[in-house]
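K.L.:
What follows is a predicted protein model with its sequence.
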Amino acid sequence: MDIVVAPGGTLGGVTVVPGDKSIAHRWLILAATASGRSRLVGLPPSLDVRSTAECLAAVTEKARPPLDVFARKTAPGVDSAGSTWNAKPDATSRSSLEVEGQGRSGLVEPTAALDCGNSGTTMRLLSGVLAAAPFEATLTGDPSLSRRPMERVAEPLRAMGASIRTEDGHAPVVVRGTRLRGIRYAPIVPTAQVKSAVLLAGVAAEGETTVMEPVATRDHTERSLAALGAPIVVDADGIHVRRYQHEGFDAQVPGDPSSAAFLIAAAAITGSALSIEEVGLNPTRLHFLDVMDRMGIRTTCSIERTELGEPVGSIVVEPGAEIRAVRVEPGELPLIIDEVPVLAALAAHASSDSWFLEAAELRLKESDRLQAVATGIRLLGGVAADEGADLVIGGGGFDGGRADAHGDHRMAMALTVAALGARTPSRIDGVDAADVSFPGFIESLRALGAPLEPA
Ligand code: S3P
């Protein structure tokens, strides 16, 4: 699906965003491996989360029927062509899913390969869970996922005793589970996916498992395990966990702050006020607000409650920001790993050059996002370059042009938001890629007043 973005609109109002993708993957895994019934409210119908549900359905028996229905049904509000154009705001609906877990020992051997689709989180986290299961499972993915590095997760799981095969470091990943033993593990690259895989394997292992992160990354796995009563301790030495079988639980998935980031940026670019409710406010996910603050964009967060260890509340954006250039230092990257495209979209409207330093990890995402961002902004008429591990965005705004999301959800949304501030209309191709994390993105923006039309 292609859209035309007209300049000059003003956004306004109160909105919500679909449930958090990172949290949804983890809570689905925890529900499917719990001993007893769980009820999850507000799971996002995003394609990545449905991939996790589909894979879990294949390795569970009692939990299978509802997981299958969630995975396979057409997402609410998404039309039969899979396009978000006609999506209604109920893509963010709070529908619930009940699954009957039979504990980790109740997992069953899948009869076919587990298709993780476009989702790296699905492939890496499930590798950790399956490393302790007494059977062999093969994890496959789409062409984008099949290009992404998998040895980073295979290596620590092998050290715990599992047999893991990759093809030249890539999917298919073949996991033969076993009785695991705890390890002390210091990943070289800070990655929440690998940390989470090791911790999920750690709760099934003999002895203690410790992960020593070089730089902090999102901590949803630690929070949910702690909220479920697992013996998990976080201290100066690292994150320590021991064997534990959790029980079923009830929880409502908070809105995804990484999706909210696109709406906040759209408000800032159009000088508008906006309020986003029921959104996750986990500090390991909100560093982008600090970067935006340095860019002159003022927001206020208010925590209202906690769900399975996750703070939830609202983010209010003040109108009338004058966007300033920013310099993002290497140590900040792990905490804004998913928000660089949207921050770059903002930076294109600043008055001078912005820098994102040592951001090479972005080359290993759903697309080479350093190159995709630089190319996309140039195609819209702006100035941008990816130089080695760095990204530089020239400010000054741009006239508008035509760019393609190339199947990357965050690029689809970043380009659309960037185009809202162009001097003439722009065309963005392939915006339905947004369904991977934010089904209903285009309709949400339109409901807030953004001037978007089908191309
Ligand atoms: C995620 C972690 C991040 C992020 C991804 C989701 C997670 O990846 O980019 O979108 O849910 O753990 P890495 O931790 O591998 O950088």
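P.N.:
Okay, I see it.

K.L.:
what secondary structure does the one residue in the stretch 1-150 of the chain that gets nearest to the ligand sit in?
P.N.:
The nearest approach of the stretch 1-150 of the chain to the ligand comes at residue 22, 3.3 Å away (CB to the nearest ligand atom). Bear in mind the C-beta positions are built from the backbone N, C-alpha and C, glycine included. Classification of residue 22 by DSSP: H, G, I helix; E, B strand; the rest coil places it in helix.

K.L.:
With residue 453 instead?
P.N.:
The three-state label given to residue 453 by three-state DSSP is strand.

K.L.:
Which residues are in contact with it?
P.N.:
Contact analysis of residue 453 by CB atoms under 8 Å, 6 or more residues apart in numbering lists 3-4, 6.

K.L.:
Where do the helices of the stretch 1-150 of the chain begin and end?
P.N.:
Secondary structure of the stretch 1-150 of the chain, counting by DSSP state H, counting those that start in this stretch: helices at 21-32, 47-58, 64-72, 120-130, 143-146.

K.L.:
so residue 411 makes contact with residue 428?
P.N.:
No. Residue 411 is not in contact with residue 428 according to CB atoms under 8 Å; the separation is 9.3 Å.

K.L.:
tell me which parts of the stretch 301-450 of the chain are close to the ligand?
P.N.:
Residues of the stretch 301-450 of the chain lying near the ligand by CB under 6 Å from any ligand atom: 337-338.

K.L.:
quick one on the thing from earlier: measure how buried the residue nearest to the residue of the stretch 1-150 of the chain closest to the ligand when sequence neighbours are not counted is and give me the count.
P.N.:
For residue 22, ignoring the flanking residues on the chain, the nearest one in space by CB to CB, 6 or more residues apart in numbering is residue 220 at 5.5 Å. Close neighbours of residue 220, defined as other CB atoms under 10 Å, add up to 24.

K.L.:
Model confidence score at the residue of the stretch 1-150 of the chain closest to the ligand, please.
P.N.:
For residue 22, the pLDDT comes out at 98.

K.L.:
Could you do residue 199 as well?
P.N.:
98.

K.L.:
Now do the phi/psi pair for it.
P.N.:
Main-chain torsions, residue 199, degrees, to the nearest 10: phi -70, psi -40.

K.L.:
From the ligand, how far out is it?
P.N.:
Counting by CB to the nearest ligand atom, to the nearest Å, the gap from residue 199 to the ligand is 11 Å.

K.L.:
Contact partners for that residue?
P.N.:
Contacts for residue 199 (CB under 8 Å, 6+ apart) come out as 128, 209, 211, 221-222, 225, 232, 239, 241.

K.L.:
and if you look at residue 436?
P.N.:
46-48, 118-119, 366, 409.

K.L.:
how about those, which pair is most distant?
P.N.:
Pairwise distances across these peak at 12.8 Å for 46 and 366 (criterion: CB to CB).

K.L.:
Between those two, tell me which one has more neighbours.
P.N.:
The neighbour count for residue 46 versus residue 366, taken as other CB under 10 Å, is higher for residue 46 (27 against 24).

K.L.:
OK, contacts around the more buried one?
P.N.:
18, 21, 24, 75, 435-439.

K.L.:
Any of the residues you listed buried? List them.
P.N.:
18, 21, 24, 75, 435-439 (16 or more other CB atoms under 10 Å).

K.L.:
Tell me the one of the residues you listed nearest residue 141?
P.N.:
Closest approach to residue 141 among the buried ones among the contacts of residue 46 (CB to CB): residue 436, at 12.5 Å.

K.L.:
pLDDT value on that closest one, please?
P.N.:
92.

K.L.:
Tell me the spatial nearest neighbour of it, not counting adjacent residues.
P.N.:
Per CB to CB, 6+ apart, closest to residue 436 is residue 409, 3.7 Å.

K.L.:
Can you list the low-confidence ranges for the stretch 351-455 of the chain?
P.N.:
Regions of the stretch 351-455 of the chain meeting the criterion pLDDT under 70 are absent.

K.L.:
ranges for the helices of it?
P.N.:
With helices called from DSSP H, counting those that start in this stretch, the stretch 351-455 of the chain shows them at 369-379, 409-419, 441-447.

K.L.:
Return the distance of the second one from the chain's centre.
P.N.:
Meaning helix 409-419. Centre-to-centre, helix 409-419 and its host chain are 15 Å apart (CA atoms, centre = their mean, to the nearest Å).

K.L.:
tilt between the one helix or strand residue 166 maps to and helix 120-130?
P.N.:
Taking DSSP states H and E as the criterion, residue 166 maps to strand 163-167. Counting by axes from the mean of the first three to the mean of the last three CA atoms, to 10 degrees, strand 163-167 lies at 150 degrees to helix 120-130.

K.L.:
Just the buried positions in stretch 184-191, please.
P.N.:
Buried positions in stretch 184-191, judged by neighbour count with 16+ other CB under 10 Å: 185, 187, 190-191.

K.L.:
Now do it: distance from first to last residue.
P.N.:
With CA to CA, to the nearest Å applied, stretch 184-191 spans 16 Å between its terminal residues.

K.L.:
Pop the domain breakdown of the protein in here.
P.N.:
3-18+254-454, 21-252 (automatic domain parsing).

K.L.:
any idea which of these scores lowest on pLDDT?
P.N.:
Per-stretch mean pLDDT for those is lowest at domain 21-252 (a mean of 92).

K.L.:
now it, how far from the centre of its chain.
P.N.:
Its chain's C-alpha centre and that of domain 21-252 lie 13 Å apart, by CA atoms, centre = their mean.

K.L.:
Now do that domain: distance from first to last residue.
P.N.:
Taking CA to CA, domain 21-252 runs 13 Å from one end to the other.

K.L.:
same question, stretch 400-414
P.N.:
End-to-end distance for stretch 400-414, by CA to CA: 14 Å.

K.L.:
go on, stretch 201-208?
P.N.:
By CA to CA, the extent of stretch 201-208 from end to end equals 11 Å.

K.L.:
circling back to that earlier point, could the buried residues of stretch 184-191 be laid out in a markdown table, adding distance to the ligand?
P.N.:
Output for the buried residues of stretch 184-191, formatted as a markdown table (distance: CB to the nearest ligand atom, whole Å):
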| residue | distance to the ligand |
| --- | --- |
| 185 | 15 |
| 187 | 10 |
| 190 | 7 |
| 191 | 4 |
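
K.L.:
Alright, I will stop here.
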